[in-house]
Every structure is written in structure tokens, then in C-alpha cells.
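Trainee: Build me a model:
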Amino acid sequence: MDFAGKLERLVRIVPGIAGYQDREKAGDTDQAVRIKLAAHLEQIKLGIEGDKRSFIERNDLSPLAALDRIASKMDKTINMIKYASRGYRRLFATSRVNRDKLDELYAWSFR
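Mentor: As a prediction, the model looks like this:
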């Protein structure tokens, strides 16, 4: 066994360290999922911006207000996802998480 493996085994013996490491890994996974989701939403928003340009080029301004509202809400959502605090609250939240749905989200985000 290499040094890192021995150190990890030793750390698992010390009370409290394993839980901290698990929370840290969960935090890293949470952050990676949020970054991926925000990037995906940004791509969708770019598509909306392209649609707006197409409508302008055709002199059809009727859907622009609605598309602007959607783009604005997407910006708020993207920022909320990107800049959410990285705390450990999600592990101790009072609301239940559907573990299957969470696993699906993680699987999707790492495709």
C-alpha cells in the first residue's frame, strides 16, 4: 500500500475525521454539479439571446418582452446556483432529498 493509502486508513481511525472528509467530498461534488448545471443553463440562455436576435432581424418585436423576462430569471437562477455558499447545510437539512433523483443529477452532470 502506498503512503497516501496508509495515511487515509490512519485518518479513518481518528474519530470525526472520516465524517469531515465525507462532508468535504460531498461539498466538492455539490460544487461540481452546480458549476455544470450553471454552464448548461448559460448555454440555454445564449440560445434565447440568439432567438431574440432572430426576432429583431424579422422585425417581430412581440416576443421580446417575454424572452427578456425569461433571460432575466435565468440570470438570477444561474447566479444563485453558481454563487451558493459551499457550507455543509445540505447534509443536515430538515427537508428530505430524493436520493435517486440526486444520483440522477450527479450522473447527468458528469456525462
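
Trainee: Which elements pack onto the helix or strand that contains residue 29?
Mentor: According to DSSP states H and E, residue 29 maps onto helix 17-57. In this structure, helix 17-57 packs against helix 3-13, helix 64-82, helix 89-92, helix 99-109, with contacts taken as 3 or more C-beta pairs under 8 Å, 6 or more residues apart in numbering; DSSP states H and E. For every residue, glycine as well, the C-beta is placed using N, CA and C.

Trainee: Now do the same contact list for residue 58.
Mentor: Counting by C-beta atoms under 8 Å, 6 or more residues apart in numbering, residue 58 touches no other residue.

Trainee: how many other residues sit next to residue 3?
Mentor: By other C-beta atoms under 10 Å, the residues close to residue 3 number 7.

Trainee: To residue 33, which of the helices and strands packed on helix 17-57 lies closest?
Mentor: helix 99-109 (4.5 Å; C-beta to C-beta).

Trainee: picking that back up, what's the least confident stretch among the helices and strands packed on helix 17-57?
Mentor: The minimum mean pLDDT among the helices and strands packed on helix 17-57 belongs to helix 89-92 (a mean of 48).

Trainee: Next one: the nearest residue to residue 37 once chain neighbours are set aside from residue 42, what distance?
Mentor: Spatially, and ignoring its direct neighbours in sequence, residue 37 is nearest to residue 81 (5.7 Å; C-beta to C-beta, 6 or more residues apart in numbering). Distance of residue 81 to residue 42, computed by C-beta to C-beta, to the nearest Å: 10 Å.

Trainee: Which one of those two is surrounded by more residues?
Mentor: It is residue 81, of residue 81 and residue 42, that has more neighbours when counted by other C-beta under 10 Å, with 17 against 14.

Trainee: Verify the contact between the more buried one and residue 38 for me.
Mentor: Yes: taking contacts as C-beta atoms under 8 Å, residue 81 lies within contact range of residue 38: 4.7 Å.
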